[in-house]
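A.B. asks: Pasted the sequence and its predicted model underneath.
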Amino acid sequence: MTPASKRLSIVKVRVVCLVIFSLLASRAIVLPAAQAASTPQEPGATDLTLQQAIQMALENNLDVVVSRLDTQVQAEGVASAEGSYKPLLNLNINNLRERQPAQSQLVGAATLRNVTTGFGFSWQQLLPTGGSYSVAFENTRVETNSSFFSFNPRYDSAVSARITQPLVKNLGLDPTKQRVVVAQNGERASRHLFEGRIMDTVRDVEIAYWDLVSSLREMEVADKALQLAKDLLRNNRVQVEVGTMAPIDVLEAEAEVAAREESVILAQEAIERTEDTLKRLISNPDTDFWSTKIRPVDQPIRTEVVIDLEA
């Protein structure tokens, strides 16, 4: 073997060893990175299921809270309007004591003393037909020291009842009934709006939750693609050094790495955007909630659908 052939064989052995070493080194770097990307665990993150997210949103979402309070206000308005038709009971008790010196012999006492005690009650109520009725009872007790009174004490009692019903004007269309109808319609509309708000909130929470899951998976894919692009760049540089690849291939690999880094940045921005959307819908009053990362627990379930082409 000539010296020239010996030197050529030595160079070939060095090239083969360099290529094998670079491949092993790149594999040792890519494997831990891929494992870390496949199981992302952020310290301080909060595990959250879809059911928990929906429950927290229904309890704390500001739009839901406002709609719930508006429904309660409208219900109180109905009770207030219907209160005009509730019966009204009035009770009255009075006591009057009089004492005055006699100014005539016809008074029947040197010093006239009168004690008058009154008691009464009334019951009145509006009718849905536009009329009203009332029942009243009055009782008066008079006690005196006059000698001219045959009955002492004396009682005077009276019972009265009255019914009022318009026959033409405002028959069944009194303003009170109109207020009740308006309040009932407002309460019914408010309840429908509240139900619609509940359904919209549940839908938005589900969309935001699954968007966050999708963004996290896209981040994993972007990380793996970046690692593969960096691996390709290292391999291309090694092959350029040994002379088996043109330098232009390194530039193409560097451009691919830059594009994959851009994809990682966009994926991270999508995660933060969807996470903020979910947090806004949940509206947790905890002050640390906005600074805490959310880690979705539920994952989408794939169901295979078999299509019967012969049917």
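C.D. replies: That came in fine, so what should we check first?

A.B. asks: List the contacts of stretch 280-297.
C.D. replies: Contacts with stretch 280-297, where a contact means Cβ atoms under 8 Å, 6 or more residues apart in numbering, come from 42, 44-50, 53, 56-57, 60-62, 201, 204-205, 208-209, 212-213, 216, 275, 278-279. To be clear about C-beta, it is placed using only N, CA and C from the backbone, and glycine gets the same treatment.

A.B. asks: If you could redo that for stretch 71-84, that was the one I meant.
C.D. replies: Contacts for stretch 71-84 (Cβ under 8 Å, 6+ apart): 126, 176, 179-180, 182-184, 186-187, 189-191, 193-194.

A.B. asks: and the lengthiest helix in the chain, what other elements does it pack with?
C.D. replies: For the chain, the helix with the greatest residue count under DSSP state H is helix 175-242. Judged by 3 or more Cβ pairs under 8 Å, 6 or more residues apart in numbering; DSSP states H and E, the packing partners of helix 175-242 are helix 3-38, helix 50-60, helix 62-82, helix 247-282, strand 294-296.

A.B. asks: swap the cut-off to 6 Å and go again
C.D. replies: Helix 175-242 sits against helix 3-38, helix 50-60, helix 62-82, helix 247-282, with contacts defined as 3 or more Cβ pairs under 6 Å, 6 or more residues apart in numbering; DSSP states H and E.

A.B. asks: Buried residues, the third one. List them.
C.D. replies: Neighbour-count burial for helix 62-82, counted by 16 or more other Cβ atoms under 10 Å, picks out 64, 67-68, 70-71, 74-75, 77-78, 81.

A.B. asks: will you turn these into a markdown table that also has distance to Leu251 and pLDDT?
C.D. replies: Output for those, formatted as a markdown table (distance: Cβ to Cβ, whole Å; pLDDT from 0 to 100):
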| residue | distance to Leu251 | pLDDT |
| --- | --- | --- |
| Val64 | 55 | 91 |
| Ser67 | 59 | 91 |
| Arg68 | 61 | 91 |
| Asp70 | 63 | 93 |
| Thr71 | 65 | 92 |
| Gln74 | 69 | 92 |
| Ala75 | 71 | 91 |
| Gly77 | 74 | 90 |
| Val78 | 75 | 89 |
| Ala81 | 79 | 84 |
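
A.B. asks: Export those residues as a markdown table, with columns for distance to Leu232.
C.D. replies: Shown next, in a markdown table, are the buried residues of helix 62-82 (distance: Cβ to Cβ, whole Å):
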| residue | distance to Leu232 |
| --- | --- |
| Val64 | 51 |
| Ser67 | 55 |
| Arg68 | 57 |
| Asp70 | 60 |
| Thr71 | 61 |
| Gln74 | 65 |
| Ala75 | 67 |
| Gly77 | 70 |
| Val78 | 71 |
| Ala81 | 76 |
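
A.B. asks: Go through these and name the one nearest Glu310.
C.D. replies: Among the buried residues of helix 62-82, Val64 lies closest to Glu310 (Cβ to Cβ), at 49.0 Å.

A.B. asks: need the contact list for the closest one.
C.D. replies: Going by Cβ atoms under 6 Å, 6 or more residues apart in numbering, Val64 touches 58, 197, 201.

A.B. asks: Please report the distance of the closest residue in space to Glu143 that isn't next to it in sequence from Thr111.
C.D. replies: Leaving out its chain neighbours, the residue that sits closest to Glu143 by Cβ to Cβ, 6 or more residues apart in numbering is Pro153, at 4.0 Å. Distance, Pro153 to Thr111, by Cβ to Cβ, to the nearest Å: 18 Å.

A.B. asks: List buried residues within the contacts of stretch 71-84.
C.D. replies: 126, 176, 179-180, 183-184, 186-187, 190, 194.

A.B. asks: so can I have TSV of these showing distance to Tyr133 and pLDDT?
C.D. replies: Output for these, formatted as TSV (distance: Cβ to Cβ, whole Å; pLDDT from 0 to 100):
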residue	distance to Tyr133	pLDDT
Leu126	9	83
Thr176	15	73
Arg179	20	83
Val180	19	83
Ala183	24	90
Gln184	24	90
Gly186	29	92
Glu187	28	91
Ser190	34	93
Phe194	38	93
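
A.B. asks: Centre-most residue in the protein?
C.D. replies: For the chain, Asn61 is the residue whose C-alpha lies nearest the centre (Cα atoms, centre = their mean; 2.8 Å).

A.B. asks: Next up, phi/psi of that one, please.
C.D. replies: phi -60, psi 130 (degrees, to the nearest 10).

A.B. asks: give me every residue that touches it.
C.D. replies: Neighbours of Asn61 in contact, by Cβ under 6 Å, 6+ apart: 201, 283.

A.B. asks: try 7 Å
C.D. replies: 201, 281, 283 (Cβ atoms under 7 Å, 6 or more residues apart in numbering).

A.B. asks: Neighbour-wise, which one of these leads?
C.D. replies: Using other Cβ atoms under 10 Å as the neighbour criterion, Leu281 leads the contacts of Asn61 with 24 neighbours.
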